[in-house]
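Asker: could you look at this predicted model? Sequence included:
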Amino acid sequence: MVHFHGNGEQLLDQRGFGQALGDAGLGFLAVEYPGYGASPGSPTEAGLYSSAEAALQFLREQGVKPEDIVLSGRSLGTGVAVEMARRGYGARMVLVSPYTSMVAMGQRTLPFLPASLLMRDRYLSFDKAPHIPIPVLIIHGEEDEVIPVDMGRALGPRFPQARVVTVPGARHNDVLERGGQEEFARLATFALDGT
């Protein structure tokens, strides 16, 4: 599993997630973005995509088969995962707390500003989704206070093969942890065999 983390996270925060996936029988590679953690540079949409693609190319050079790669994104990272899938990487994809686009997020957050004109980093997952044929699992908390659950629900039908699971009572940062290990187990099972 190649994981793209959220905006409020960094590479070192992914250790527990990676360990849990390893315990479930999955390999794990987390990608750091420019300007996050100890990584130099400034975070831009193009920069995040470049880092993600470099990690996927590294796996290819190590002999990891394309059909063995599962893309995983959480929050901000869902837009990165979607773009990598659009570029032909990954056999399956898991999106946790996805947004339809950063433009749509900007319009919700600051409705009085013309987000479509002001936003440079757009992450247009809603527009890209119909062109991504791989199976997709979307997990979204019903009480998400950062990215509304209706964005995950709207994104799901745009993919040719997607299943949307909403988690009652879950917020943005506890969606996989809410209700014990059920959602994590769902994610791991999907990553292993697509079910």
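Answerer: Received, thanks. What you see is a predicted model, and the numbers here were worked out from it, not measured in a lab. Residues are numbered from 1 along each chain as shown.
Asker: only C-alpha atoms for contact and neighbour calcs from this point on.
Answerer: Noted.
Asker: for the helix ranked longest in the chain, buried residues please.
Answerer: Identified as the longest helix of the chain according to DSSP state H is helix 45-61. Buried residues in helix 45-61, counted by 16 or more other C-alpha atoms under 10 Å: 45, 48-53, 55-56, 59.
Asker: other residues contacting it?
Answerer: Here helix 45-61 makes contact (C-alpha atoms under 8 Å, 6 or more residues apart in numbering) with 2, 4, 31-34, 66, 80, 83-84, 89, 121-123.
Asker: out of the buried residues of helix 45-61, which comes closest to Asp150?
Answerer: Lowest distance from Asp150 to the buried residues of helix 45-61 (C-alpha to C-alpha) belongs to Glu45, with 23.4 Å.
Asker: so the residue positioned nearest the centre of the chain versus Leu117, what's the distance?
Answerer: Residue closest to the average C-alpha location in the chain (C-alpha atoms, centre = their mean): Gly73, at 1.7 Å. According to C-alpha to C-alpha, to the nearest Å, Gly73 and Leu117 sit 26 Å apart.
Asker: can you check Val96 too?
Answerer: Per C-alpha to C-alpha, Val96 is found 27 Å from Leu117.
Asker: compare neighbour counts for these two and give me the winner.
Answerer: Set Val96 next to Leu117 and count neighbours by other C-alpha atoms under 10 Å: Val96 wins out with 28 against 8.
Asker: tell me what that one is bridged to.
Answerer: Residues in a beta bridge with Val96, per DSSP bridges, are Arg74, Ile139.
Asker: for the closest residue to Arg86 other than its chain neighbours, what are its contacts?
Answerer: Sequence neighbours aside, Ile132 is the residue nearest to Arg86 in space, at 5.6 Å (criterion: C-alpha to C-alpha, 6 or more residues apart in numbering). With contacts defined as C-alpha under 8 Å, 6+ apart, Ile132 is in contact with 85-86, 159-160.
Asker: check Val31 too.
Answerer: Taking C-alpha under 8 Å, 6+ apart, we find Val31 in contact with 2-5, 11, 51-52, 55.
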